[in-house]
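1. would you be able to build a 3D model of this:
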Amino acid sequence: MSDEKLGLFKGEDEPSVQCVWDFYQDGLKFNTQNNIEETVRANENFFVGKQWEGVQANGLPTPVFNVLKRVVGFHVATITTDNLKVNATAMANSLNTEQYQELVRIVNEEMDAIMEFEDIPAKIRSFARDASVRGDGCLYVYWDPTVDVDIKNNVKGVIRCKTMENTRIFFGDPNTQDVQSQPYIQIVTRQFVRNVKKAAKFNGSKDWEDIKCDDFSTDEEDFVKHVENKVTVLLTLWRNEEDGTIWGYESTLDCEVKKPWSLGVKKYPLVWMPWDEVADSYHGEAMITGLIPNQIFINKAYAMSMLSMMRTAWPKIVYDRSRVTKWDNRVGGAIGVDGDVNTVAKILDPAQISPQIAQFIQMAIEETQESLGATASALGEGKAYNTSAILSLQRAAATPTEMTKQRLYKAVEELFYIFLEFMGEYYGKRMVDMPTPDQVQQAFAFAAPDQQIPEEVPMPFDFSVIKQNPMVLKLDVGASSYYSEIAAMQTLDNLLQMGQINIVEYLERVPDSYVPGRRKLIAKKEQEIEMQKMQEAMMMGMPPQMMAGGDTQVPQAGVGQPGAPSDGGPVMENLQGDPEITGGRGYHAVAREINGGA
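-> As a prediction, this is how the structure comes out:
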């Protein structure tokens, strides 16, 4: 039997500085063989308007008519204009899904908070723009433990997200675009030497003093090295084969910055989306790569037309030098000649440019735009003879981008699954708003009868329940109109009018912003329904328990079921633990009453 080592890093289980640098060189070699960096550089130049770099002008004017930027802007706006919405729900095959209602609500609220705090819509637009121009979009998620979240309870740490350039990401298996199947992933950044030295010293690296600026001769392929006093830092991520967790290792060319550590999550914190897929390559094809020759032709055709106009568009005067030694072009100036003035000079008519040239240039622009679905109607240039027809044409023009939009939705869904992983690993116990428990309401009524009972109170919630139930939640991503509150309200109104649901069921599903004091109103309506049933039972001479099938007592969600409080279920333990109630006046008396002391 062979005793050869089978570790990921050249037979070893953990990476070394030299091994990681060799992996980096392999990634650069793959990009060079596929001309990735030169393609990305050309695409970026043409997108921003530097379209004559590397093009032989040969004395021509250098006008820029940037068709590509408009087309890219149209497509990126088409797939990102809708406000995306991520909706977490309990899996249909989960046992006792009712016990996860509060968990789902808390997760959705945290998702909304992350989306607002990190400005995820703006990052998604940048993500889509990178995919269309560079070929691939990339989002990197990491944990920032320095941000204060709840100073009073000493809670720190938020989930961060940022876009990354595709030329700075190297996959261990460059022949597939599937992120989660990669043996390892390298993320390359260039940081100031001083900051890297501080980090290495803090992490206990023995060779932190040896970190120095990049030597350009050591890596001529990496064209991004254009700032002095910076060093290339390699973050290598890989999956532990024993427990499936993701591990990280930071290093430079010749120094370790941070020893291997576990991220605790089981998904690579990276989202990758190619604009168009390319076989046997993790890099995609950018939208504008194949259109650069069209843009060069349009610019050159305009340049030659301009040159012709400058040279021949104005009339010229031809005169007889034997009679006129010097022509005077001054306005109103007199010129003296000997003999007949009719044969002294003549004005030559300017040459005319064929109108077919302008038509052909315009046709090239239109064909380039229409080949990508950016028709005149889609761009809003069509005349509105018929509103319905214009809308139909615009919808038809957006059809070619539908596959790209679905890839974007899939990428956003993957992004929020990564957020879920980070929540379960790093959030720990945090205070969240929970419906006021019955014992708290009773304490309020006893200790502060003149104060209004709050609908929600802050209570600790352990987010590790997400890790304990990894297959419970599913995420749905789409335009916010798919989850439109207006559409949902119309459906609820119809169900209520048809008598398919009662007022309590209606209020439980109405968004909080639509009905102020919704929870208090639900409690009041439940009491009214219960009193009405008791009155009806008394009038009929029947025990209340036998009325309407004995459903006067509304059971709590999950009570007596697996995962309920009586069974020690993880979710309900978090949701119905002893609350820590803090706040302003009135809360102290309530807290004393709950704790049974003065």
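2. the residue nearest the centre of the chain in helix, strand or coil?
-> The residue lying closest to the centre of the chain (CA atoms, centre = their mean) is residue 124, at 3.1 Å. Put simply, residue 124 is helix when judged by DSSP: H, G, I helix; E, B strand; the rest coil.
3. equivalent analysis for residue 430, please.
-> Secondary structure assignment for residue 430 (three-state DSSP): strand.
4. test my guess that it contacts residue 460.
-> Yes - counting by CB atoms under 8 Å, residue 430 touches residue 460, with 7.1 Å between them. From N, CA and C alone the C-beta is placed, and that goes for glycine too.
5. residue 415: neighbour count?
-> 24 (other CB atoms under 10 Å).
6. in terms of helices and strands, where is it?
-> Using DSSP states H and E, the element containing residue 415 is helix 402-422.
7. ok, now which ones touch residue 247?
-> Neighbour list for residue 247: 237, 238, 239, 240, 260, 261, 262, 263 [criterion: CB atoms under 8 Å, 6 or more residues apart in numbering].
8. selecting buried members of the residues you listed in ChimeraX, what would you type?
-> Entered in ChimeraX, the line below selects the buried ones among the contacts of residue 247, by 16 or more other CB atoms under 10 Å:
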select :237,238,239,263
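9. which of the contacts of residue 247 lies closest to residue 347?
-> Distance to residue 347, by CB to CB, is smallest for residue 237 among these, at 76.2 Å.
10. hmm, residue 187 and that closest one touching each other?
-> Yes - between residue 237 and residue 187 there is a contact under CB under 8 Å: 7.2 Å.
11. intersection of neighbour lists for these two?
-> Joint contacts of residue 237 and residue 187 (CB under 8 Å, 6+ apart) are residue 270.
12. now do the buried residues in the helix holding residue 415.
-> Within helix 402-422, the residues that count as buried by 16+ other CB under 10 Å are 404-405, 407-409, 411-416, 418-422.
13. which one of these is nearest to residue 102?
-> So of these, ranked by how close each gets to residue 102 (CB to CB), first place is residue 420, at 16.0 Å.
14. now do the SS call for the residue lying closest to the closest one once chain neighbours are set aside.
-> Nearest-residue entry for residue 420: residue 466, 5.9 Å, with adjacent residues in sequence omitted and distances by CB to CB, 6 or more residues apart in numbering. Per three-state DSSP, the local secondary structure of residue 466 is helix.
15. so residue 260 is in which element?
-> Per DSSP H and E, residue 260 falls inside strand 256-262.
16. report the distance from that strand to the chain centre.
-> Computed by CA atoms, centre = their mean, to the nearest Å, the separation of strand 256-262 from the middle of its chain amounts to 28 Å.
17. next one: stretch 270-288
-> Here the centre of stretch 270-288 is set off from its chain's centre by 17 Å, with CA atoms, centre = their mean.
18. for that stretch, buried residues please.
-> Residues of stretch 270-288 classed as buried: 270-276, 281-288 (neighbour count, 16+ other CB under 10 Å).
19. where do the strands sit along the stretch 1-150 of the chain?
-> Secondary structure of the stretch 1-150 of the chain by DSSP state E, counting those that start in this stretch: the strands cover 84-90, 136-150.
20. can you list phi and psi of residue 462 for me?
-> phi -90, psi 110 (degrees, to the nearest 10).
21. I'd assumed residue 431 was in contact with it.
-> No - using CB under 8 Å as the test, residue 462 is too far from residue 431 to be in contact (11.3 Å).
22. select from the strands of the stretch 1-150 of the chain the stretch with the lowest mean pLDDT.
-> Here these differ in mean pLDDT, and the lowest is strand 84-90 at a mean of 78.
23. note down every partner strand of that strand and its orientation.
-> strand 473-479 (antiparallel) (DSSP bridges).
24. what is the rounded mean pLDDT of the partner strand?
-> Here the average pLDDT along strand 473-479 is 62.
25. for residue 409, see how far away the nearest residue to residue 274 once chain neighbours are set aside is.
-> Distances taken as CB to CB, 6+ apart place residue 284 nearest to residue 274, at 2.2 Å, with adjacent residues excluded. Separation of residue 284 from residue 409 (CB to CB, to the nearest Å): 17 Å.
26. without its sequence neighbours, what residue ends up closest to the residue located most distally from the centre of the chain?
-> Using CA atoms, centre = their mean, the residue of the chain lying farthest from its centre is residue 339. It sits 83.5 Å away. Residue nearest to residue 339 in three dimensions, not counting chain neighbours: residue 323, with 6.4 Å by CB to CB, 6+ apart.
27. centre of the chain to stretch 140-153, how far?
-> Using CA atoms, centre = their mean, the offset of stretch 140-153 from its chain centre is 20 Å.
28. show me the shaky parts of the stretch 151-300 of the chain.
-> Applying pLDDT under 70 to the stretch 151-300 of the chain flags the ranges 216-227.
29. quick one, strands of it?
-> Using DSSP E, counting those that start in this stretch, strands in the stretch 151-300 of the chain cover 155-163, 169-171, 184-192, 230-239, 246-251, 256-262, 270-274.
30. can I get those in TSV including distance to residue 514?
-> Putting the strands of the stretch 151-300 of the chain into TSV (distance: least, CB to CB, whole Å) gives the following:
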stretch	distance to residue 514
strand 155-163	29
strand 169-171	44
strand 184-192	44
strand 230-239	44
strand 246-251	41
strand 256-262	44
strand 270-274	33
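31. can you tell me which of those strands comes nearest to residue 208?
-> Taking the strands of the stretch 151-300 of the chain one by one with CB to CB, strand 256-262 is closest: 8.0 Å.
32. just checking, what packs against that closest one?
-> Judged by 3 or more CB pairs under 8 Å, 6 or more residues apart in numbering; DSSP states H and E, strand 256-262 is in contact with helix 193-202, strand 246-251.
33. quick one: contacts of the longest one?
-> Helix 193-202 is contacted by residues 207-209, 211-213, 229-231, 233, 250, 252, 255-258 when judged by CB under 8 Å, 6+ apart.
34. again, only using 7 Å
-> With CB atoms under 7 Å, 6 or more residues apart in numbering as the test, helix 193-202 has contacts from 208, 211, 212, 213, 229, 230, 231, 233, 252, 255, 257.
35. which among those end up buried?
-> 208, 211, 230, 231, 233, 252, 255, 257.
36. tell me which two in these are the farthest apart.
-> 208 and 230 (16.3 Å).
37. distance of residue 67 relative to residue 358?
-> For residue 67, the distance to residue 358 - CB to CB - is 16 Å.
38. can you check residue 205 too?
-> Per CB to CB, residue 205 is found 66 Å from residue 358.
39. neighbour count winner among those two?
-> residue 205 (22 against 13).
40. show me what contacts that one?
-> 255, 256, 257.
41. quick one: buried residues of stretch 159-174?
-> Buried residues in stretch 159-174 (16+ other CB under 10 Å): 159-161, 163-164, 166-172, 174.
42. also stretch 66-84?
-> Neighbour-count burial for stretch 66-84 flags 66-69, 71-72, 74-76, 78-80, 84 (criterion: 16+ other CB under 10 Å).
43. so residue 320 makes contact with residue 344?
-> Yes - between residue 320 and residue 344 there is a contact under CB atoms under 7 Å: 5.4 Å.
44. so which of those two has more stuff around it?
-> Per other CB under 10 Å, whichever of residue 320 and residue 344 has more neighbours is residue 344, with 17 against 12.
45. against residue 531, how distant is residue 504?
-> According to CB to CB, residue 504 and residue 531 sit 13 Å apart.
46. what's the answer for residue 71, then?
-> Counting by CB to CB, the gap from residue 71 to residue 531 is 66 Å.
47. about what we covered before: pick out whichever of residue 504 and residue 531 has more residues nearby.
-> Taking other CB under 10 Å, residue 504 and residue 531 do not tie; residue 504 has more neighbours (16 against 11).
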